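1. Next one to model:
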Amino acid sequence: MACNGNMLGLLGVRKSTGLVSSLVYPSSLKVGKGFCPLVAQAFLARVKFTRSFCASLAEVKPAVSTMASAQKKVLVPIGFGTEEMEAVILIDVLRRAGSDVTVASVETDLQIEASRRVKLVADMLISNCTEETFDLVVLPGGMPGSTRLRDSEILQSITKKQAADGRLYGAVCAAPAVALETWGLLKGLRATCHPSFINQLSSSLTVGSRVQKDGIVTTSRGPGTTMEFALSFVEQLYGKEKTDEVTKPMVMRTKDDSGLVKQEFNRVEWSFSKTPHILVPIANGSEEMEAVIIIDVLRRSNADVVVASVEETLEILASRNVKIVADKLIEDASSSAYDLIVLPGGMPGAERLSKTESLIKLLKEQADSKKVYGAICASPAVVLEAHGLLKEKKATAHPSFSKKIADQSAVSTRVVIDGNLITSRGPGTAMEFALAIVEKIFGQEKATGIAEAMVFPYP
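-> Numbers count the residues shown, from 1 in each chain. Below you'll find the predicted structure:
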């Protein structure tokens, strides 16, 4: 048999393996009649290449599969009277980590009114979750929200199955005592809860930790510990590297943080003759943690807080897809006068606030009248600085926006007060920001009392 180019066609004989095709060694290439060393050598080279290529594909395929399976499924149930800060912080932080978070209502409707009258809209009813498998089931607290969760037979069944299957579960504030303890899911386990419910934990292993993990169950104490609580789940689900990645842009305080917590310049008294009337505008893309923490804390102080949507509808979709229903549209809210207007951040929420003419008009009138106004995160730069409302003022903003602040002297401080202006940096500073507002209006004793009830260290 002559050794020619036609023999190379023999190299195309293949056998399917399911991943790629592998080459079959033709019998005509065996030593003997018709043997051609050139073709045999070419064939062996191609076999070597194919095996190498096949091996590389085998390495790539599991990597893609691992990435696809990295997203964890989380269930966060809510009910009437759920503590809105706890619910929203859990949802927001876990979604920042890449989790597929389902917010499920234990009520007959998707919309619930939380403990401080923030209206949240769930993704689905708890009855639609029975066939799902979750990597984590975590209960926010609040009263009577914790009792509403406890009394949901479907949620109880889901959570008990979660525990029986060895998957993660947890609760914060009143919920460890009111729900998990009642369901028998803390027996023999170290657990904690809000100080006012600690006596309802029957276990002798009750502890006072801010966050307590024992095996597959994790519990925590209140609104002021919920960010730590949520981040503990990020670490359990994804590892420390992901936790650090999520923590940094939130501007959380760390043990090594040597920066200033609060600075005040050009001190003036914020005093009002009656209950303070406060406007908190929200938009699609507003940062839900910042918005809800501000609203919740100020309502705890008994301020009259109006939540106004700058969109065409009352319901907005926040930056991590939390659905919040405002009290009014901005057009309806703008006819009133306010003692304080305070803006949450988040993108593109801050941009949408900045483009709302009626809101900017209110803010400019507020500043001209020497009334109090403030903003957090992106909003000091994107809204206030952009519209000349930081002129000759010291302010701070989120690290990714702080360079847009004209006066850079205080941009690294967590909360900055300059006369009738207050600004702050991000979700991790929102509690300090809200409490600083309470302190300026009502005094330090009031702010400290609210902080203690939330299990948050202040000042």
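
2. What distance do you get for Thr219 to Leu185?
-> As judged by CB to CB, to the nearest Å, Thr219 and Leu185 stand 10 Å apart. Placement of C-beta: from N, CA and C, glycine included.

3. for Ala410, same thing?
-> For Ala410, the distance to Leu185 (CB to CB) stands at 47 Å.

4. Which pLDDT value goes with Met202?
-> Not Met; residue 202 is Ser. According to the prediction, Ser202 has pLDDT 84.

5. which stretches of the stretch 51-200 of the chain form strands?
-> Assignment of strands within the stretch 51-200 of the chain using DSSP state E, counting those that start in this stretch yields the ranges 73-78, 100-105, 111-113, 119-121, 124-125, 136-139, 168-172.

6. do you know which of those lies nearest Ala318?
-> Closest approach to Ala318 among the strands of the stretch 51-200 of the chain is made by strand 119-121 (10.1 Å; CB to CB).

7. Let's verify the closest residue in space to Phe456 that isn't next to it in sequence: helix, strand, or coil?
-> Counting by CB to CB, 6 or more residues apart in numbering, Gly224 is the residue found nearest to Phe456 once chain neighbours are left out, at 2.7 Å. Three-state call for Gly224 (DSSP: H, G, I helix; E, B strand; the rest coil): helix.

8. quick one on the thing from earlier: with mean pLDDT, distance to Pro276 and mean neighbour count added, can I get the strands of the stretch 51-200 of the chain in JSON lines?
-> Formatted as JSON lines, these follow (pLDDT from 0 to 100; distance: least, CB to CB, whole Å; neighbours: other CB atoms under 10 Å):
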{"stretch": "strand 73-78", "mean pLDDT": "98", "distance to Pro276": "28", "mean neighbour count": "24"}
{"stretch": "strand 100-105", "mean pLDDT": "98", "distance to Pro276": "31", "mean neighbour count": "22"}
{"stretch": "strand 111-113", "mean pLDDT": "98", "distance to Pro276": "22", "mean neighbour count": "18"}
{"stretch": "strand 119-121", "mean pLDDT": "98", "distance to Pro276": "21", "mean neighbour count": "19"}
{"stretch": "strand 124-125", "mean pLDDT": "98", "distance to Pro276": "37", "mean neighbour count": "14"}
{"stretch": "strand 136-139", "mean pLDDT": "98", "distance to Pro276": "33", "mean neighbour count": "27"}
{"stretch": "strand 168-172", "mean pLDDT": "98", "distance to Pro276": "29", "mean neighbour count": "27"}
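
9. Could you check how far the helix or strand Ala367 falls within is from the centre of its chain?
-> In this structure, Ala367 sits in helix 357-368 according to DSSP states H and E. Averaging C-alpha positions (CA atoms, centre = their mean, to the nearest Å) puts helix 357-368 30 Å from its chain's average.

10. what helices or strands is that helix leaning on?
-> Contact partners of helix 357-368 among helices and strands, from 3 or more CB pairs under 8 Å, 6 or more residues apart in numbering; DSSP states H and E: helix 330-333, strand 340-343, strand 372-376.

11. strand partners of the second one, parallel vs antiparallel please.
-> To tie it back to what came earlier, the one meant is strand 340-343. strand 277-282 (parallel), strand 372-376 (parallel) (DSSP bridges).

12. following it, which helix or strand comes up?
-> helix 349-354.

13. so who does the residue nearest the centre of the chain touch?
-> The centroid of the chain falls nearest to Asp92 when counting by CA atoms, centre = their mean (1.7 Å). Each residue near Asp92 by CB atoms under 8 Å, 6 or more residues apart in numbering is listed here: 230, 287-289, 319-320, 322, 427.

14. ok, it to Lys361 distance?
-> Applying CB to CB to Asp92 and Lys361 gives a distance of 31 Å.

15. So what's the residue count around Gly259?
-> 11 (other CB atoms under 10 Å).

16. right, I mislabeled it, should have said Ser99
-> 23.

17. can I assume it is in contact with Leu75?
-> No: counting by CB atoms under 8 Å, Ser99 does not reach Leu75; the two are 10.3 Å apart.

18. and for the two, which residues touch both?
-> Common neighbours of Ser99 and Leu75 (CB under 8 Å, 6+ apart) are Leu136.

19. Spit out the contact partners of the nearest residue to Thr218 once chain neighbours are set aside.
-> Computed as CB to CB, 6+ apart, the closest residue to Thr218 that is not its neighbour in sequence is Gly170, at 3.9 Å. Taking CB under 8 Å, 6+ apart, we find Gly170 in contact with 136-139, 217-220, 229, 233.

20. thought Pro459 was touching Arg414?
-> No: if you go by CB under 8 Å, Pro459 and Arg414 don't touch, sitting 11.4 Å apart.

21. neighbour count winner among the two?
-> More crowded of Pro459 and Arg414, by other CB under 10 Å: Arg414, with 21 against 12.

22. pretty sure Arg299 contacts Val307?
-> No: between Arg299 and Val307 there is no contact under CB under 8 Å: 10.0 Å.

23. the more surrounded of the two?
-> Between Arg299 and Val307, Val307 has the larger neighbour count (other CB under 10 Å), namely 25 against 18.

24. separation between that one and Ile198?
-> 33 Å.

25. Run through the helices of the stretch 151-300 of the chain in chain order.
-> With DSSP state H, counting those that start in this stretch, the ranges of helices along the stretch 151-300 of the chain come out as 153-164, 175, 226-238, 240-250, 288-300.

26. Which among the ones you listed is found nearest to Glu84?
-> That would be helix 288-300 among these, by CB to CB, at 5.1 Å.
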